[in-house]
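**Student:** Structure for this input, please:
(2 chains)
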Amino acid sequence: MEISWIQAIILGLFACLASMPGLGGTSIGNYTLGRPLIGGLVCGLILGDVSTGILVGCAMQIVYIALVTPGGTVSADVRAVSYIGIPLAMVALKSYGLDAASTEGAGLATSFGTMVGTLGTVLFYGTATINLLWQHIGWKAVENRQYKKLYLVDMGLPWISHILCSFIPTMIMCKLGANVVEVIKTTLPMDGIAMKTLFTVGSLLPCVGIAILLKQIVKGAADFIPFLFGFVLAASMGINLVSATVVAGMFAIIIYKLKILSARKPELAGGVMDDEEEEI
Amino acid sequence: MEKKLSKKTLLKSFHNWYYGHLTCFSQEHMQTFGYLCAMLPLVEELYQNEDDKANAMNTYTAFFNTEPQLGTVIVGMTAGLEEARANGADDVDDETINSLRAGLMGPVAGIGDSLVVGTVIPILLGIALGMSTGGSPLGAIFYIIVWNLFAYLGMRFLYFKGYSLGGKAVDFLIGAQGEALRESVSTLGGIVIGAVAATWVSVQTSLKLLNDAGEPYLVLQDKLNDVFPGLLTAVFIIVCWFLMAKKKMSPIKVMLILVVVAFVGVLVGFFDPGLAY
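**Tutor:** Predicted structure coming up:
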């Protein structure tokens, strides 16, 4: 399977839109086009094999479903996962003769995705650093009261950062796809230490994402109980995510009512709250 | 005559935020430029005098970063406050606006991250993955439509709600009611994040001890799961939390530690993803 220049260019454009901080905005860019599942659909459409694209996208999405980027820290770059990882994995599957729906196929796809995603964080920091230049122009504009320039700074000039850090790397990696896959095949064999480490890192990284989210909620040991409660619902009781959300919603309502009550009648509700804590 | 922002200008301001809040991101200023672009149409409509414009715009040069979807409510509120200031309200100045922005961006990020990133997106993706099993584009299309409608309409609602409430929204967000709301949302988020972690994150060890006949007599992963299903995953998450929250390590450092842990783990045979061509 060969990726043509035109296809590589289109993939490069999507990488500009989909990255975080991307030019599609976060809702359409990062949270839609950047999700590997959607990236799978887009890459599938561009490369003319939607079903393989979706299968590869699904495999990568499972690794990154819990991967979040609060506070501007990323542990994997979505543009690299979705628009370099997925096309390369599709090429690799063809070159190895694997079926994307098989376990080996999904394993190959995931390891390509995590490898590219982890290395791709360089692109994130590159983009953010180059943006400092445009922001410098922006501060000058504010100083000189040329406010119209702010639009150029916020929405125009970052294209340059993305041409350098999203468009060119994606286009070249995809265009060279077959060769890159060949190089990876020979230098990083699947059962070698490097590939095993990369894959293991891929399964550990979502822990950081979850932990970053928890940092907002959990201040002390007792705050871990809701988290562990949800964990038990899914891991021990086998309840699926939507159902777990309903259970969580019930608890949220109880807590909301209790808190409102305690705001209105502090002395009465104070006792209620104590009982609650003892039960835990 | 009282100045009133037109619907058209408010929409322009909202769209500038909706699209541009993070397009020019840097670690140093994050969403500050997105905020300036959101306020510009409002300032231009409210003030004719160049000095007044400059005065207003300078207010928004202060650092800003929050969860962008839910954070729309803050942008809406400052639109309301800026309008009040242009009409000569005495109690609205640089300081009130900026202390409000600074005071809200933390709590809103807390609710927003647990609600949007921790709950809504993983759930939608989970449903979408189920629909796309076998290579069907249905799940992807479902996610594109549902998420984008939710994000656009939700943010638009928040913007105009914030605008009409203005400073009054503060009571709702950080008053007694806001406190109750935050507690309940963070419990909701905590439970769902736990379920997301158990469903989608999987840290497993491949460590096995074999007897003379080559039969494994100890499969560590099974033993650990007997103690508490998903124990290893939970332990890794809690250790990451501990390093960041208690040891004040940056996520990057924690990731580097994980790379080392993964490497050593693979060397000693603790981790083996079982890959083969």
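**Student:** where does the chain have low pLDDT?
**Tutor:** Answering for chain A, as no chain was given. When residues are selected by pLDDT under 70, those of chain A lie in A:66-75, A:190, A:266-280.
**Student:** meant chain B actually
**Tutor:** B:1, B:274-277.
**Student:** care to break it down by domain?
**Tutor:** With domains defined by automatic domain parsing, chain B comprises B:7-197, B:202-268.
**Student:** The stretch 101-250 of chain A: strands as residue ranges?
**Tutor:** In the stretch 101-250 of chain A, no strands are defined using DSSP state E, counting those that start in this stretch.
**Student:** so which residue of it comes closest to chain B?
**Tutor:** In the stretch 101-250 of chain A, the residue found nearest to chain B is A:Gly230; the distance is 2.6 Å by C-beta to the nearest C-beta. (Glycine included, C-beta is placed from N, CA and C.)
**Student:** Please report the number of neighbouring residues for the residue nearest to that residue when sequence neighbours are not counted.
**Tutor:** In this structure, A:Gly230 finds its nearest non-sequential neighbour in B:Gly194, 2.6 Å apart by C-beta to C-beta, 6 or more residues apart in numbering or on different chains. Neighbourhood size, B:Gly194 [other C-beta atoms under 10 Å in any protein chain shown]: 30.
**Student:** for B:Glu183, same thing?
**Tutor:** Quick note: B:Glu183 (other C-beta under 10 Å) scores 15 neighbours.
**Student:** give the contact list for it.
**Tutor:** Each residue near B:Glu183 by C-beta atoms under 8 Å, 6 or more residues apart in numbering or on different chains is listed here: A:255-256, A:259.
**Student:** when you check chain B, which of the residues you listed turn up near it?
**Tutor:** Restricting these to those near chain B by C-beta under 8 Å from any C-beta of the partner chain leaves A:255-256, A:259.
**Student:** Quick check, A:Thr200 in contact with B:Phe271.
**Tutor:** Yes. If you go by C-beta atoms under 8 Å, A:Thr200 and B:Phe271 touch, sitting 4.3 Å apart.
**Student:** any shared contact partners between these two?
**Tutor:** With C-beta under 8 Å, 6+ apart as the test, A:Thr200 and B:Phe271 both reach B:262, B:265.
**Student:** Domain map for chain A?
**Tutor:** Taken from automatic domain parsing, chain A resolves into A:5-215, A:219-279.
**Student:** Pick the most buried one from the ones you listed.
**Tutor:** Stretch with highest mean neighbour count among the domains of chain A: domain A:5-215 (a mean of 22; mean count of other C-beta atoms under 10 Å in any protein chain shown).
**Student:** Next, the distance between the ends of it.
**Tutor:** Its start and end residues considered, domain A:5-215 measures 44 Å (C-alpha to C-alpha, to the nearest Å).
**Student:** what's the residue nearest to B:Ala169 when sequence neighbours are not counted in contact with, if anything?
**Tutor:** Spatial nearest neighbour of B:Ala169, chain neighbours left out: B:Met77 (5.1 Å); criterion: C-beta to C-beta, 6+ apart. Neighbour list for B:Met77: B:100, B:104, B:162-163, B:165-167, B:169-170 [criterion: C-beta under 8 Å, 6+ apart].
**Student:** what's the single longest helix in chain B?
**Tutor:** Under DSSP state H, the helix in chain B containing the largest number of residues is helix B:138-165.
**Student:** Any idea how far the next helix or strand after that helix is from the middle of the chain?
**Tutor:** Of the helices and strands lying after helix B:138-165 in sequence (DSSP states H and E), the nearest is helix B:168-174. Chain-centre distance of helix B:168-174: 20 Å, with C-alpha atoms, centre = their mean, to the nearest Å.
**Student:** Over to stretch B:263-277?
**Tutor:** That offset, for stretch B:263-277, works out to 33 Å (C-alpha atoms, centre = their mean).
**Student:** do stretch A:226-244 as well
**Tutor:** For stretch A:226-244, the distance to the chain centre is 22 Å (C-alpha atoms, centre = their mean).
**Student:** and residue 15, which of the three is it?
**Tutor:** Unless you meant another one, I'm taking chain A. At A:Ala15, secondary structure determined by DSSP: H, G, I helix; E, B strand; the rest coil is helix.
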